[in-house]
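In: return atomic coordinates for the entry below.
(chains A and B)
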There are 2 protein chains.
Amino acid sequence: MRTVFLPVLALGLVAASPPSLSTVIAGQASAAQSSGRVAPDAHAPSEIVKAAPASDWVAIAASDLLVMDLPPLNAKPRRVVIQLMSPPFSQGWVGNIRKLAAAKWWDGTSINRVQDNYVVQWGDATEKKALPGGLETVAESEYTLVKTDGEEGDIILRHPKQYVEDYPRDWAWFEKGWPAGYGIGESTRTLLSWPVHCYGMVGVGRNLSPDTGSGAELYTVIGHAPRHLDRNIALVGRVIEGIEHLSSLPRGTEALGFYKTPEERTPITAIRIGSEIADLPRFEYLSTESASFARYADARANR
Amino acid sequence: MRTVFLPVLALGLVAASPPSLSTVIAGQASAAQSSGRVAPDAHAPSEIVKAAPASDWVAIAASDLLVMDLPPLNAKPRRVVIQLMSPPFSQGWVGNIRKLAAAKWWDGTSINRVQDNYVVQWGDATEKKALPGGLETVAESEYTLVKTDGEEGDIILRHPKQYVEDYPRDWAWFEKGWPAGYGIGESTRTLLSWPVHCYGMVGVGRNLSPDTGSGAELYTVIGHAPRHLDRNIALVGRVIEGIEHLSSLPRGTEALGFYKTPEERTPITAIRIGSEIADLPRFEYLSTESASFARYADARANR
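Out: Below you'll find the model as predicted:
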């Protein structure tokens, strides 16, 4: 089984820089620590991950993976594995993406845009390819989830405000393994939640509001977390393997990083749901609700 | 004259994502606004930059540029232009870098490490090449600048604490055009300042503390701002042109992104101080103390 330390992988590589939401993790760990669950830990983050019991790991179903194959480069295969976002977030778009993959809609399309320190974007460069039937038109309200309705003041008490890196005005946490922002609704009775753009997150290209995109045009973040896109564009997943095949592509020289000539585009051989692929490794991630994750996060925040 | 909108370019591309210190900019603009200097502005950020008067632009001397040439790729030249950090920051290391460039020390060395969402690093892969004489050994205390000594409480009053993106515990601003973090010293009489790691910033590789590196081994940030490196490694400049020649290099497959084989390394043709190069364009940046910059920052923060 291929173990992927997902929450961090989606935010930044384990062995690399701290994730954009590193203080989120620290906040989580500290909260756990003050409740007595986590003892101070002198082990390195990587040791904590290695020592995590099997019960702290969550298997990712192959049916929740989107697998993109690019032509080999220097005789080496190029496969990008994306974990599709799990409920309750973004399920309208995720459903469309499943239909597009089933229809083999992306086969023969291409990577059309690579903007440095921002995004890699793929889809139909001609913008004329007919979409399969039955795609849902998703409302902008779906960018944000109404997580809880409570009594006045209740939500604030149950969710003490954490000022975190990249989230000074709201706060952030992990929601079933996904990095998420939180905010209080106008009435202070409503807790809102939304997935956030971190390195490797996958989102849905769209036209001007109120369009929210179908899911046919996708991008992944290859630079500093672009916070202005949160709640502004749908997020539908994250790259869990092979991001380097996208982040190292030549940058486009036209406006917004689009390629100047068709020849510069990288063709997409195929995009399939993981359960359609025979030789796919099995992936799992360290539960963000596990004690191991809390210890890991604490160790990373206080190295 | 090549105009570079530097403060943002160093943090993220102008047309791309907001910089990692975007709230810093917002803070600066807001402070200016409340003092009556800046009126609300309905213009797009790019329009504000275009309309900036010549007096708001600051020329960068060619003698403050470090120019790295890589072999052409697909018959296209690859030149990376770095602005060396100006006083009062990091001048010990910058002085060493000037000596290394004058000695043509980097010619024939290579790019040895490309770690996804983190750094590109270059220097002598053999670690055996003799350094030129006269290099300074710089103390760790030089990572942080003691900016002001004042009366108890005085500094806090004059520098109201701004909670900013990526800097929840301290605050951040621009210091003579460079992104800088600030903090109060232990006595609260001392204001500390230090340059911060943003996309494209250039730093000095080093061995274990108390070593601070000579400047012969350099890296640039190609991912989310790695905050844990601030005050931990010397910053000596920022890439102002050609970052894409570094950020799109193939990722190394060994630990920390080092290349497995010598053949994978990209050779460095030459590194020179800009004043040694005949055909170099002239560069300038929009002053971070200008009204145009304050208006631009405000427009970006409130789009």
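In: now A:Ser290: how far from A:Asp298?
Out: Using Cβ to Cβ, to the nearest Å, one gets 13 Å for the distance from A:Ser290 to A:Asp298. Where you see a C-beta, it was placed from the backbone N, CA and C, and this is true even at glycine.
In: do A:Val202 as well
Out: 29 Å.
In: same question, A:Ile97
Out: 35 Å.
In: would you map the helices across the stretch 51-200 of chain A?
Out: Ranges of helices within the stretch 51-200 of chain A are A:91-102, A:154-158, based on DSSP state H, counting those that start in this stretch.
In: mean confidence (pLDDT) on the shortest one, please.
Out: Per-residue pLDDT values across helix A:154-158 average out to 44.
In: between A:Ile97 and A:Asp298, tell me which one has more neighbours.
Out: A:Ile97 (28 against 23; other Cβ atoms under 10 Å in any protein chain shown).
In: how many neighbours does the closest residue in space to the more buried one that isn't next to it in sequence have?
Out: Distance criterion Cβ to Cβ, 6 or more residues apart in numbering or on different chains; nearest residue to A:Ile97, sequence neighbours excluded, is A:Gly215 at 4.4 Å. Neighbourhood size, A:Gly215 [other Cβ under 10 Å]: 29.
In: ok, now A:Ala52?
Out: A:Ala52, neighbours per other Cβ under 10 Å, totals 20.
In: pull the contacting residues for the closest residue in space to it that isn't next to it in sequence.
Out: Nearest residue to A:Ala52, sequence neighbours excluded (Cβ to Cβ, 6+ apart): A:Ser292, at 3.6 Å. Neighbouring residues of A:Ser292 by Cβ atoms under 8 Å, 6 or more residues apart in numbering or on different chains: A:Ile48, A:Val49, A:Ala51, A:Ala52, A:Pro53, A:Asp56, A:Leu286.
In: what's the helix or strand for A:Ser292?
Out: helix A:291-301 (DSSP states H and E).
In: where does the prediction get shaky in chain A?
Out: A:1-42, A:148-170, A:186-189, A:301-303 (pLDDT under 70).
In: just checking, A:Gly242 touches A:Pro77?
Out: No. Assessed by Cβ atoms under 8 Å, A:Gly242 is found out of contact with A:Pro77, at 9.4 Å.
In: between the two, who's got more neighbours?
Out: Counting neighbours by other Cβ under 10 Å for A:Gly242 and for A:Pro77 shows that A:Gly242 has the greater number, 18 against 12.
In: what about that one, distance to A:Arg79?
Out: A:Gly242 is 5 Å from A:Arg79, by Cβ to Cβ.
In: between the helices of the stretch 51-200 of chain A, which one is nearest to A:Arg113?
Out: Of all those, it is helix A:91-102 that lies closest to A:Arg113, at 18.4 Å by Cβ to Cβ.
In: which of the residues in that closest one are buried?
Out: By neighbour count on 16 or more other Cβ atoms under 10 Å in any protein chain shown, the buried set for helix A:91-102 is A:Gln91, A:Gly92, A:Trp93, A:Val94, A:Gly95, A:Asn96, A:Ile97, A:Arg98, A:Lys99, A:Leu100, A:Ala101.
In: also stretch A:139-147?
Out: A:Glu142, A:Tyr143, A:Thr144, A:Leu145, A:Lys147.
In: CA atoms of that stretch as CSV?
Out: Taking Å, rounded to 0.1, in the frame of the first residue of the first chain, the C-alpha atoms of stretch A:139-147 are listed here in CSV:
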residue,chain,number,x,y,z
ALA,A,139,-24.7,27.4,-7.7
GLU,A,140,-22.1,29.8,-6.2
SER,A,141,-23.6,29.1,-2.8
GLU,A,142,-21.9,25.7,-3.0
TYR,A,143,-18.5,27.3,-2.5
THR,A,144,-19.3,27.7,1.2
LEU,A,145,-20.8,25.1,3.4
VAL,A,146,-23.2,26.0,6.2
LYS,A,147,-21.7,23.7,8.8
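In: now the stretch 201-303 of chain A against chain B: closest residue?
Out: A:Pro226 (3.6 Å; Cβ to the nearest Cβ).
In: surely that residue touches A:His197?
Out: Yes. Assessed by Cβ under 8 Å, A:Pro226 is found in contact with A:His197 at 5.2 Å.
In: residues in contact with the spatially closest residue to A:Ala103 that is not a sequence neighbour?
Out: Using Cβ to Cβ, 6+ apart and skipping residues adjacent in sequence, the residue nearest A:Ala103 is A:Pro132, 4.1 Å away. Contacts for A:Pro132 (Cβ under 8 Å, 6+ apart) come out as A:Lys99, A:Leu100, A:Ala102, A:Ala103, A:Trp105.
In: how about A:Pro132, phi and psi?
Out: Dihedral angles phi and psi of A:Pro132 (degrees, to the nearest 10) take the values phi -70, psi 160.
In: ok, it to chain B distance?
Out: Going from A:Pro132 to chain B by Cβ to the nearest Cβ, to the nearest Å gives 32 Å.
In: cool, and A:Ser110?
Out: From A:Ser110 to chain B the distance is 17 Å (Cβ to the nearest Cβ).
In: what bridges to A:Glu175?
Out: Taking DSSP bridges as the rule, A:Glu175 bridges to A:Trp178.
In: ok, it touching A:Trp194?
Out: No. Using Cβ under 8 Å, A:Glu175 makes no contact with A:Trp194, being 9.3 Å away.
In: who has more neighbours out of those two?
Out: A:Trp194 (23 against 20).
In: once you drop chain neighbours, what's closest to the more buried one?
Out: Closest residue to A:Trp194 in three dimensions, ignoring its sequence neighbours and counting by Cβ to Cβ, 6+ apart: A:Thr144, at 4.7 Å.
In: show the contacting residues for that neighbour.
Out: A:Leu192, A:Ser193, A:Trp194, A:Arg231.
In: next, find the distance separating the second one from A:Pro72.
Out: I take that to be A:Ser193. 41 Å.
In: ok, now the last one?
Out: In this view, A:Arg231 and A:Pro72 are 38 Å apart by Cβ to Cβ.
In: for A:Thr220, same thing?
Out: 20 Å.
In: the two: which is more packed in?
Out: Set A:Thr220 next to A:Pro72 and count neighbours by other Cβ under 10 Å: A:Thr220 wins out with 23 against 11.
In: please report phi then psi for the more buried one.
Out: Here A:Thr220 shows phi and psi, under degrees, to the nearest 10, equal to phi -130, psi 150.
In: okay then, goodbye and thanks.
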